[in-house]
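**Student:** Build the 3D model from these lines:
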Amino acid sequence: MNHDQVQARLSAMLDHALPAAEAAEITLHLATCAECQHAWAAQQALQTWIKRDAVQAVPAGLVQQLSQHLAQQTAAPVLIAAPAPATVSEKPTRTRPLWLWPGFAGLGGVLAGGLLTLLLLPRAPEAQTQIAQEVFASHIRALQAGHLSDVVSTDQHTVKPWFAGKLDFSPPVHDLAAEGFPLIGGRLDYLQQRPVAALVYRHQLHVINVFVWPASTTHQPAPRLLQQQGYQMVAWQQEGMNCWAVSDLNTPELQKFASLLQQH
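**Tutor:** Below is the predicted model of the structure:
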(Lines give C-alpha, C1' and ligand atoms only; values in the text may rest on other atoms or scores of the structure.)
Protein backbone atom coordinates (compact mmCIF):
# COMPACT_ATOMS: atom_id res chain seq x y z
CA MET A 1 0.00 0.00 0.00
CA ASN A 2 1.09 3.58 -0.61
CA HIS A 3 0.74 6.50 1.83
CA ASP A 4 -2.70 7.60 0.60
CA GLN A 5 -4.14 4.09 0.76
CA VAL A 6 -2.80 3.54 4.27
CA GLN A 7 -3.96 6.91 5.62
CA ALA A 8 -7.43 6.42 4.09
CA ARG A 9 -7.80 3.25 6.19
CA LEU A 10 -6.41 4.52 9.50
CA SER A 11 -9.80 5.52 10.88
CA ALA A 12 -11.25 2.08 10.10
CA MET A 13 -8.20 0.43 11.62
CA LEU A 14 -8.63 2.49 14.79
CA ASP A 15 -12.20 1.14 15.01
CA HIS A 16 -10.96 -2.46 14.38
CA ALA A 17 -13.09 -2.58 11.24
CA LEU A 18 -10.45 -3.90 8.81
CA PRO A 19 -9.85 -7.53 7.81
CA ALA A 20 -6.94 -9.08 9.70
CA ALA A 21 -4.73 -9.37 6.62
CA GLU A 22 -5.27 -5.70 5.68
CA ALA A 23 -4.65 -4.54 9.27
CA ALA A 24 -1.41 -6.54 9.38
CA GLU A 25 -0.24 -4.95 6.12
CA ILE A 26 -0.93 -1.47 7.49
CA THR A 27 0.86 -2.30 10.74
CA LEU A 28 3.90 -3.39 8.75
CA HIS A 29 3.81 -0.16 6.74
CA LEU A 30 3.54 1.98 9.88
CA ALA A 31 6.65 0.37 11.33
CA THR A 32 8.80 1.87 8.56
CA CYS A 33 6.95 5.06 7.47
CA ALA A 34 7.40 8.20 9.58
CA GLU A 35 4.80 10.14 7.57
CA CYS A 36 2.07 7.59 8.23
CA GLN A 37 3.17 7.25 11.84
CA HIS A 38 2.41 10.97 12.30
CA ALA A 39 -1.01 10.50 10.67
CA TRP A 40 -1.72 7.47 12.88
CA ALA A 41 -0.74 9.38 16.02
CA ALA A 42 -3.00 12.26 14.99
CA GLN A 43 -5.92 9.85 14.49
CA GLN A 44 -5.36 8.36 17.94
CA ALA A 45 -5.14 11.77 19.58
CA LEU A 46 -8.29 12.92 17.79
CA GLN A 47 -10.24 9.87 18.95
CA THR A 48 -9.08 10.42 22.53
CA TRP A 49 -10.13 14.08 22.40
CA ILE A 50 -13.56 13.25 20.95
CA LYS A 51 -14.28 10.60 23.59
CA ARG A 52 -13.17 12.88 26.40
CA ASP A 53 -14.16 16.41 25.42
CA ALA A 54 -16.19 16.65 22.22
CA VAL A 55 -19.51 15.35 23.49
CA GLN A 56 -21.53 18.23 24.85
CA ALA A 57 -25.01 18.02 26.33
CA VAL A 58 -27.84 20.12 24.95
CA PRO A 59 -28.41 23.05 27.36
CA ALA A 60 -30.89 22.24 30.11
CA GLY A 61 -34.45 23.17 29.23
CA LEU A 62 -33.77 23.83 25.54
CA VAL A 63 -35.23 20.57 24.28
CA GLN A 64 -38.31 21.04 26.48
CA GLN A 65 -38.86 24.61 25.25
CA LEU A 66 -38.61 23.59 21.61
CA SER A 67 -40.89 20.60 22.17
CA GLN A 68 -43.51 22.85 23.79
CA HIS A 69 -43.25 25.32 20.94
CA LEU A 70 -43.67 22.49 18.43
CA ALA A 71 -46.74 21.18 20.28
CA GLN A 72 -48.32 24.64 20.41
CA GLN A 73 -47.79 25.24 16.72
CA THR A 74 -49.08 21.87 15.54
CA ALA A 75 -52.07 21.94 17.93
CA ALA A 76 -53.23 25.43 16.91
CA PRO A 77 -56.45 25.17 14.86
CA VAL A 78 -56.63 26.65 11.39
CA LEU A 79 -59.82 28.67 11.06
CA ILE A 80 -61.14 29.06 7.53
CA ALA A 81 -64.46 30.92 7.39
CA ALA A 82 -67.04 29.98 4.78
CA PRO A 83 -67.38 32.71 2.13
CA ALA A 84 -70.42 34.96 2.53
CA PRO A 85 -72.72 35.41 -0.43
CA ALA A 86 -71.60 38.25 -2.62
CA THR A 87 -73.75 41.37 -2.87
CA VAL A 88 -73.56 44.40 -5.11
CA SER A 89 -72.45 46.67 -2.27
CA GLU A 90 -69.99 44.20 -0.74
CA LYS A 91 -66.34 45.06 -1.00
CA PRO A 92 -64.09 42.65 -2.87
CA THR A 93 -62.97 39.75 -0.71
CA ARG A 94 -59.42 40.24 0.57
CA THR A 95 -56.89 37.61 -0.31
CA ARG A 96 -56.19 35.28 2.61
CA PRO A 97 -52.63 35.63 3.92
CA LEU A 98 -50.36 32.85 2.73
CA TRP A 99 -49.77 31.49 6.20
CA LEU A 100 -53.52 30.82 6.69
CA TRP A 101 -53.81 28.39 3.77
CA PRO A 102 -54.12 24.73 4.82
CA GLY A 103 -50.90 23.80 3.09
CA PHE A 104 -49.02 26.14 5.44
CA ALA A 105 -50.95 25.30 8.61
CA GLY A 106 -48.12 23.50 10.32
CA LEU A 107 -45.24 25.56 8.97
CA GLY A 108 -44.32 26.95 12.41
CA GLY A 109 -44.31 23.45 13.86
CA VAL A 110 -42.23 22.10 11.00
CA LEU A 111 -39.67 24.84 11.46
CA ALA A 112 -39.52 24.26 15.21
CA GLY A 113 -39.20 20.52 14.67
CA GLY A 114 -36.44 21.07 12.11
CA LEU A 115 -34.55 23.31 14.51
CA LEU A 116 -34.89 20.69 17.26
CA THR A 117 -33.56 18.01 14.91
CA LEU A 118 -30.56 20.13 13.96
CA LEU A 119 -29.74 20.76 17.62
CA LEU A 120 -29.95 17.09 18.54
CA LEU A 121 -28.00 15.72 15.59
CA PRO A 122 -24.18 15.60 15.99
CA ARG A 123 -22.46 18.42 14.16
CA ALA A 124 -19.51 17.82 11.88
CA PRO A 125 -16.37 19.58 13.11
CA GLU A 126 -15.61 22.80 11.30
CA ALA A 127 -12.36 23.08 9.36
CA GLN A 128 -10.76 25.32 11.99
CA THR A 129 -11.71 22.87 14.73
CA GLN A 130 -10.11 20.01 12.82
CA ILE A 131 -6.90 21.98 12.36
CA ALA A 132 -6.89 22.94 16.04
CA GLN A 133 -7.19 19.28 17.01
CA GLU A 134 -4.25 18.33 14.79
CA VAL A 135 -2.12 21.24 16.07
CA PHE A 136 -2.86 20.31 19.67
CA ALA A 137 -2.05 16.63 19.04
CA SER A 138 1.25 17.49 17.33
CA HIS A 139 2.26 19.81 20.18
CA ILE A 140 1.55 17.15 22.82
CA ARG A 141 3.26 14.44 20.79
CA ALA A 142 6.43 16.54 20.46
CA LEU A 143 6.48 17.23 24.21
CA GLN A 144 5.88 13.61 25.20
CA ALA A 145 8.40 12.17 22.76
CA GLY A 146 11.04 14.71 23.76
CA HIS A 147 11.54 15.50 20.07
CA LEU A 148 11.03 19.23 19.85
CA SER A 149 13.72 20.02 17.27
CA ASP A 150 15.43 18.44 14.28
CA VAL A 151 17.72 21.46 14.12
CA VAL A 152 18.75 23.01 17.43
CA SER A 153 19.80 26.64 17.11
CA THR A 154 18.99 30.09 18.41
CA ASP A 155 20.08 31.61 15.08
CA GLN A 156 17.29 32.25 12.61
CA HIS A 157 19.86 32.20 9.81
CA THR A 158 20.64 28.60 10.72
CA VAL A 159 17.08 27.39 11.26
CA LYS A 160 15.53 28.90 8.11
CA PRO A 161 18.05 27.41 5.63
CA TRP A 162 17.70 24.00 7.31
CA PHE A 163 14.19 23.69 5.85
CA ALA A 164 15.48 24.23 2.29
CA GLY A 165 14.91 21.09 0.23
CA LYS A 166 12.79 19.51 2.96
CA LEU A 167 9.66 21.58 2.26
CA ASP A 168 8.13 23.07 -0.89
CA PHE A 169 8.01 26.50 0.80
CA SER A 170 10.27 28.69 2.90
CA PRO A 171 8.80 29.43 6.36
CA PRO A 172 9.30 32.87 7.90
CA VAL A 173 11.71 32.50 10.84
CA HIS A 174 12.27 35.32 13.33
CA ASP A 175 14.20 35.39 16.60
CA LEU A 176 12.46 37.17 19.46
CA ALA A 177 15.15 36.73 22.11
CA ALA A 178 15.28 40.46 22.76
CA GLU A 179 11.55 40.40 23.59
CA GLY A 180 11.86 37.37 25.89
CA PHE A 181 10.85 34.66 23.40
CA PRO A 182 14.08 33.08 22.10
CA LEU A 183 14.07 30.75 19.12
CA ILE A 184 15.48 27.33 20.07
CA GLY A 185 15.10 25.30 16.89
CA GLY A 186 12.80 23.78 14.31
CA ARG A 187 11.59 20.46 12.97
CA LEU A 188 9.42 18.91 10.30
CA ASP A 189 5.87 17.98 11.25
CA TYR A 190 2.74 16.78 9.47
CA LEU A 191 -0.63 18.60 9.44
CA GLN A 192 -3.54 18.78 7.03
CA GLN A 193 -2.14 15.82 5.08
CA ARG A 194 1.07 17.66 4.23
CA PRO A 195 4.53 18.35 5.71
CA VAL A 196 4.75 21.62 7.64
CA ALA A 197 7.41 23.60 9.48
CA ALA A 198 7.38 23.61 13.27
CA LEU A 199 9.35 26.47 14.84
CA VAL A 200 10.15 26.12 18.52
CA TYR A 201 10.40 29.03 20.95
CA ARG A 202 10.65 29.34 24.72
CA HIS A 203 9.42 31.83 27.27
CA GLN A 204 10.99 31.08 30.62
CA LEU A 205 10.10 27.38 31.13
CA HIS A 206 7.25 27.34 28.60
CA VAL A 207 7.60 25.78 25.15
CA ILE A 208 5.85 27.41 22.20
CA ASN A 209 5.36 25.48 18.96
CA VAL A 210 4.57 27.53 15.86
CA PHE A 211 3.27 25.47 12.92
CA VAL A 212 3.64 27.09 9.50
CA TRP A 213 2.42 26.11 6.03
CA PRO A 214 1.26 28.01 2.89
CA ALA A 215 -2.16 29.66 3.02
CA SER A 216 -4.66 28.77 0.31
CA THR A 217 -6.00 32.32 0.09
CA THR A 218 -4.58 35.83 0.18
CA HIS A 219 -7.35 36.96 2.53
CA GLN A 220 -5.88 37.54 5.99
CA PRO A 221 -8.47 36.99 8.74
CA ALA A 222 -8.04 38.49 12.18
CA PRO A 223 -6.04 36.34 14.62
CA ARG A 224 -8.19 33.75 16.38
CA LEU A 225 -7.74 32.48 19.93
CA LEU A 226 -8.66 28.89 20.84
CA GLN A 227 -8.29 26.83 24.00
CA GLN A 228 -7.80 23.10 24.44
CA GLN A 229 -7.36 21.27 27.75
CA GLY A 230 -5.53 24.14 29.41
CA TYR A 231 -3.42 25.00 26.34
CA GLN A 232 -3.82 28.20 24.35
CA MET A 233 -3.69 28.47 20.55
CA VAL A 234 -3.49 31.55 18.36
CA ALA A 235 -4.01 31.30 14.60
CA TRP A 236 -3.23 33.97 12.01
CA GLN A 237 -1.81 34.50 8.52
CA GLN A 238 1.55 36.08 7.86
CA GLU A 239 3.71 36.44 4.74
CA GLY A 240 1.36 34.16 2.80
CA MET A 241 1.49 31.47 5.48
CA ASN A 242 -0.92 29.92 7.96
CA CYS A 243 0.59 30.23 11.44
CA TRP A 244 -0.62 28.40 14.54
CA ALA A 245 1.09 29.00 17.90
CA VAL A 246 0.31 26.64 20.79
CA SER A 247 1.62 26.66 24.36
CA ASP A 248 0.65 26.39 28.01
CA LEU A 249 1.42 30.08 28.37
CA ASN A 250 -1.41 32.25 29.64
CA THR A 251 -3.54 33.97 27.02
CA PRO A 252 -2.08 37.52 27.21
CA GLU A 253 1.51 36.25 26.91
CA LEU A 254 0.76 34.00 23.92
CA GLN A 255 -1.14 36.81 22.22
CA LYS A 256 1.82 39.11 22.83
CA PHE A 257 4.14 36.51 21.28
CA ALA A 258 1.93 36.16 18.20
CA SER A 259 1.71 39.93 17.84
CA LEU A 260 5.52 40.22 17.98
CA LEU A 261 5.89 37.63 15.24
CA GLN A 262 3.42 39.48 13.03
CA GLN A 263 5.37 42.73 13.44
CA HIS A 264 8.57 41.23 11.99
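**Student:** buried stuff in the helix or strand containing Leu261?
**Tutor:** Counting by DSSP states H and E, the element that carries Leu261 is helix 251-263. Neighbour counts over helix 251-263 (16 or more other C-beta atoms under 10 Å) mark 253-258, 261-262 as buried. Just so you know, the C-beta spots here come from the backbone N, C-alpha and C atoms, and that holds for glycine as well.
**Student:** Also stretch 221-233?
**Tutor:** Judged by neighbour count using 16+ other C-beta under 10 Å, the buried positions of stretch 221-233 are 223, 226, 228, 231-233.
**Student:** again, but for stretch 140-155
**Tutor:** Taking 16+ other C-beta under 10 Å as the neighbour-count basis, stretch 140-155 is seen to contain the buried residues 140-142, 148-151, 153.
**Student:** So which of the residues you listed are in helices?
**Tutor:** 140-142 (DSSP state H).
**Student:** nearest spatial neighbour of Leu226, skipping sequence neighbours?
**Tutor:** Here the nearest residue to Leu226 in space, its sequence neighbours aside, is Met233; by C-beta to C-beta, 6 or more residues apart in numbering that works out to 4.4 Å.
**Student:** any idea of the pLDDT on that neighbour?
**Tutor:** According to the prediction, Met233 has pLDDT 93.
**Student:** How about Gln229?
**Tutor:** The predicted structure lists Gln229 with a pLDDT of 83.
**Student:** Tell me the one of the buried residues of stretch 221-233 nearest Met241?
**Tutor:** Within the buried residues of stretch 221-233, proximity to Met241 (C-beta to C-beta) peaks at Pro223, which comes in at 13.4 Å.
**Student:** Can you tell me the closest non-neighbouring residue to the closest one?
**Tutor:** Spatially, and ignoring its direct neighbours in sequence, Pro223 is nearest to Trp236 (4.0 Å; C-beta to C-beta, 6+ apart).
**Student:** pretty sure that neighbour is in a strand, no?
**Tutor:** Yes - according to DSSP: H, G, I helix; E, B strand; the rest coil, Trp236 belongs to a strand.
**Student:** Which residues does it form beta bridges with?
**Tutor:** Assessed by DSSP bridges, Trp236 has beta-bridge partners Cys243.
**Student:** As TSV, the buried residues of stretch 140-155 with distance to Leu183 would be great.
**Tutor:** Supplementary listing: the buried residues of stretch 140-155 in TSV, determined by distance: C-beta to C-beta, whole Å:
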residue	distance to Leu183
Ile140	21
Arg141	21
Ala142	16
Leu148	12
Ser149	10
Asp150	14
Val151	11
Ser153	8
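**Student:** Would you check that Val200 makes contact with Gly186?
**Tutor:** Yes - with contact defined as C-beta atoms under 8 Å, Val200 counts as touching Gly186 (6.3 Å).
**Student:** which of those two has more neighbours?
**Tutor:** In this view Val200 and Gly186 are compared by other C-beta atoms under 10 Å, and Gly186 has more residues nearby, 27 against 21.
**Student:** mind checking pLDDT for the more buried one?
**Tutor:** Looking at Gly186, its pLDDT stands at 95.
**Student:** Could you check how far it is from Arg194?
**Tutor:** Here the criterion is C-beta to C-beta, to the nearest Å. By it, Gly186 lies 17 Å from Arg194.
**Student:** quick one, domains of this protein?
**Tutor:** Per the record's domain assignment (automatic domain parsing), the chain is made up of the domains 3-48, 127-263.
**Student:** Quick one: low-confidence residue ranges for this protein.
**Tutor:** Along the chain, the model assigns pLDDT under 70 to residues 45-127, 219-220.
**Student:** All the strands of it, residue numbers only.
**Tutor:** Secondary structure of the chain (DSSP state E): strands at 151-152, 183-191, 194-203, 206-214, 224-228, 231-238, 241-247.
**Student:** quick one: strands adjacent to the fifth one?
**Tutor:** In other words, strand 224-228. Strand 224-228 has the following strand partners under DSSP bridges: strand 231-238 (antiparallel).
**Student:** tilt between the strand it pairs with and strand 206-214?
**Tutor:** Between the axis of strand 231-238 and that of strand 206-214 there is an angle of 30 degrees, by axes from the mean of the first three to the mean of the last three C-alpha atoms, to 10 degrees.
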